[in-house]
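Visitor: Have a look; sequence and predicted model below, questions after that.
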Amino acid sequence: MKCFLLIFLLISAFGELSGRSVHRAEKRQVDECEALNATPEECSAYWAGEKPPLLVVSLDGFRPDYLQRNVTVDGVEEPAALLLNRLSRCGVFSPTGMTPVFPSVTFPNHYAIVTGLYPESHGIVSNSFYDPDLNASFSLSSPQVTNPMWWIGDPLWYNVKRQGKISASYFWPGSDVTDPVRAPNYWLQYDESVPYSERTRQVLDWLILPVSQRPNFITLYLHEPDNTGHNESPDSPLVADQVRIVDQELQALFDNMEQVGILGCVDVIVLADHGMAPSPPEEKFLIMDNYVPNILNDARIYDGVFPTIRPKIDTEEEHDRIAGGLQCQDDNMRVYNKWDFPRRHHYTNTNRIPNILVDMSLSWRAYAKPAVSLPGSHGWDNLNNEMQALFVAHGPSFKKSIKVRPFHNIDLYNLMCAMMGVDPSPNNGTWGALHHMLVSPPADPSPEPLTPISELPFPADEATYNAHLMRQRCNLLTGLNTQSIDSTLNLTESAANAALQMHTPWGTPQTKDTTQIKTVISTDYVTAFDVVSGLPSWTSFTINQPRLTTAQPQWRLDVRLEETHASICDRFPDGIDSTWSVVPLFPFGTPSNSADVAVDTNAIEISKPFETYWNEFHAMLNRSVETNGETNVIVGPVRDSPSPGLFFVVSTCLSNGMALANCPVDQLDMQSFIMPTNVRYSRDCIKFTAFFNAHLATLPDVERLTGIRFFPSLSYGDKADILSRTPLASTLLVNPDPSTL
């Protein structure tokens, strides 16, 4: 009866759409993709001058490889997800999935998708956590979950509503907060017992409302296959059964949309919040009380897949005692001070995150005391293949039958804003990162203008040369300055331009402060140097053969710096003690002018224990250059952070023999790293490969942390392409999947 009522209402509102159902059925027989589509002319009455409605469906815990799961029906094996596979062939599909935010659990990821913010920014840092400022705890089962004090940022339904449009949510974390201003226009209190059919029926009812009442943005949440993945393990055949159930429910929704004549007129995104991995209850777990007796009495602990520890006595000594007792106890458990935690996790800048964080290998857990666990779980490092999330999209705004590489789920927020014509709130995503999915993307903004950085020239005469030698000295400088040795720094204009073209092939990296940052150009590398702090901002060089890194230069003054300029001796006027090593940012080896390496503008201090990682990284870089040929490296210090570090941006061209400056962006291979140089815990027991994998970063991570804008000569679209890449996009130096270590 309800079906006839729906048809009657729709035909009453949109009379000219009559007869389309028969036409759509005929198209289904012609082509599986064509049957899902509709022309703008067919949809114009339904849209009534508005943009197509956007429906976002979340299938909790749905891994992309679940699309390959089969079920047996009447003795015949067939794909469990017939509709989703069809959408993956006909629309936009990420075969290896969408990368969740860390931790890869339900509430932080759902809220990241609708705010474009990392958990440290949107406040929901886990499914359960404690806020010392509020002196209150958050958990999924607590009534506190609807209190707006927990939820930071502007969810998309709020942006939609306050910009004069309509939003609706049939379940989504954050949509049922007790704040009528920030809630969607239509929403329901979460109740897992509500049948899927009732949820999808309500979505259809919303979609066929008159345009003045119809939501522009709708979210729908289904709790499987997550529940079954937890209870039975993701490898269980019962997961395929749940995949079939949710797929059939979506097929019923699509059938009903076709029946009322709006199939192909609605943009649909089907996604997941995270993946799922086996967590065998009888193995792969550690008991923290075995290493720190009575730890549960001494700290507030959320244990399991990703333990966080907040000592009840908030002193440095107590933190060190507990973390020190846990560190290096097992290769599958890595203990961090949160300021040393991998920057790509963005899991630092809120008091809701305690100072001791424990990173577990895939499928491993750590409990304070022996505990019962489930056969499947999630929450591990978001680069693990098993943590990736489903993403398929189809509709009039999306391109047809394209596959896209992995992307961060925070970038969906800007995409959805663009699709609906909604101005985004400030967020952590990159505008334009996913515009390649759209048929008619917004025009790219104009790229930021390039700001020239003035060069420090070689002294013009002997008097100036001698004056520059009067700079601050220290016992670090054991090399001699002579005009003969220093003359290699005196480049002609054409030689300097050639060096810039060679070593900054995509333009000179841009810094915000151009008054105290100056370039010093050598034949083999280019440095942007801060003459006030005495620190290099970045050093860029291009190499096409392996370089030695073991020899240390005899440091001398860089005579291009003026007498009033600062350098490393101003930071260490009494010299370097045994806790530090001084290394060249451009590595010592066999450049054409090896003496150029030894100038103090090329010097950076690192902690003594980090030197082994430094040397191993350059050995790894050497191996990569042997394989990949010409490679550009940009390296520099991470400043203004509680944990000092170094960044690396390493890039090469996949097109053999092509100069880097001419490399098409789709052939540009790149990996970035942000490495802490003075790690507090687990320093002596993290293997090299695990360390470099952990401290992979994205280019936006490096840009935000340093204030440097890389690849400035690229078009906006090409730069957005690079900014949108997750660490999973490249294996240039290290395999990004932690489970392969």
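Guide: Done, it's in. From a predicted model like this one, the values you see are computed outputs, not experimental measurements.

Visitor: quick one: contacts for Arg300?
Guide: Shown in contact with Arg300 (C-beta atoms under 8 Å, 6 or more residues apart in numbering): 130, 309-310, 312, 354. Where C-beta positions appear, they are placed from N, C-alpha and C, glycine not excepted.

Visitor: Ala603 and Tyr613: what is the separation?
Guide: Computed as C-beta to C-beta, to the nearest Å, the Ala603 to Tyr613 distance reads 18 Å.

Visitor: now swap in Asp179 and tell me
Guide: Asp179 is 47 Å from Tyr613, by C-beta to C-beta.

Visitor: Now the residue nearest the centre of the chain, what are its backbone angles?
Guide: Nearest residue to the geometric centre of the chain (C-alpha atoms, centre = their mean): His408, 5.0 Å. Per-residue torsions, His408: phi -80, psi 140 (degrees, to the nearest 10).

Visitor: So for it, what's the pLDDT?
Guide: At His408, the pLDDT value in this model is 98.

Visitor: Kindly report the same for Lys27.
Guide: 47.

Visitor: In the chain, where is pLDDT below threshold?
Guide: Flagging of the chain using pLDDT under 70 yields the residue ranges 1-30, 548-551, 588-593, 640.

Visitor: in it, which helix has the most residues?
Guide: If you go by DSSP state H, the chain has its longest helix at helix 237-259.

Visitor: Centre of the chain to the helix or strand following that helix, how far?
Guide: Toward the C-terminus, helix 237-259 is succeeded by strand 267-271 as the next helix or strand (DSSP states H and E). On the basis of C-alpha atoms, centre = their mean, to the nearest Å, strand 267-271 is displaced by 21 Å from the centre of the chain it belongs to.

Visitor: and strand 267-271, what other elements does it pack with?
Guide: Contacts defined by 3 or more C-beta pairs under 8 Å, 6 or more residues apart in numbering; DSSP states H and E place strand 267-271 against strand 54-59, helix 82-90, strand 391-394, helix 411-420.

Visitor: want to try TSV for these, with distance to His503 as columns?
Guide: Formatted as TSV, those follow (distance: least, C-beta to C-beta, whole Å):
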stretch	distance to His503
strand 54-59	45
helix 82-90	43
strand 391-394	38
helix 411-420	31
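
Visitor: Which of the ones you listed has the highest mean neighbour count?
Guide: Of all these, strand 391-394 has the most neighbours on average by mean count of other C-beta atoms under 10 Å, namely a mean of 27.

Visitor: Could you list the residues in contact with it?
Guide: Residues contacting strand 391-394 (C-beta under 8 Å, 6+ apart): 36, 64, 84, 87-88, 90-94, 97-98, 267-272, 407, 437.

Visitor: And the longest helix of the chain, how far out from the chain middle?
Guide: On C-alpha atoms, centre = their mean, the centre of helix 237-259 falls 30 Å from that of its chain.

Visitor: Can you spell out which helices and strands pack onto it?
Guide: With contacts taken as 3+ C-beta pairs under 8 Å, 6+ apart, helix 237-259 sits against helix 2-13, helix 20-30, strand 70-73, helix 82-90, helix 196-207, helix 226-232.

Visitor: could you redo the last one with a cut-off of 7 Å?
Guide: Contacting helix 237-259 under the criterion 3 or more C-beta pairs under 7 Å, 6 or more residues apart in numbering; DSSP states H and E are the following elements: helix 20-30, strand 70-73, helix 82-90, helix 196-207, helix 226-232.

Visitor: what's near enough to touch Val679?
Guide: Asp340 (C-beta atoms under 7 Å, 6 or more residues apart in numbering).

Visitor: Now the nearest residue to Arg709 once chain neighbours are set aside: phi and psi?
Guide: Computed as C-beta to C-beta, 6 or more residues apart in numbering, the closest residue to Arg709 that is not its neighbour in sequence is Gln510, at 4.0 Å. Note on Gln510: backbone dihedrals following degrees, to the nearest 10 are phi -100, psi 140.

Visitor: unless I'm mixing things up, Gln510 is touching Phe711, no?
Guide: No: in this structure, Gln510 is not within contact of Phe711 by C-beta atoms under 7 Å, at 9.8 Å.

Visitor: Who has more neighbours out of the two?
Guide: More crowded of Gln510 and Phe711, by other C-beta atoms under 10 Å: Phe711, with 24 against 21.

Visitor: which element is that one on?
Guide: Assigned by DSSP H and E, Phe711 belongs to no helix or strand.

Visitor: and it, how far is that from Ile568?
Guide: Phe711 is 29 Å from Ile568, by C-beta to C-beta.

Visitor: for the stretch 301-450 of the chain, what spans make up the helices?
Guide: Taking DSSP state H, counting those that start in this stretch, the helices of the stretch 301-450 of the chain run over residues 316-326, 411-420.

Visitor: Now do the domain split for the protein, please.
Guide: Listed domain ranges for the chain are 2-278+384-437, 287-373, 462-731 (source: automatic domain parsing).

Visitor: picking up where we left off before, who are the contact partners of the closest residue to the residue nearest to the centre of the chain other than its chain neighbours?
Guide: Leaving aside its chain neighbours, His408 sits nearest to Thr99 (5.2 Å; criterion: C-beta to C-beta, 6+ apart). Thr99 makes contact with 382, 388, 406-409, 726, 728 under the criterion C-beta under 7 Å, 6+ apart.
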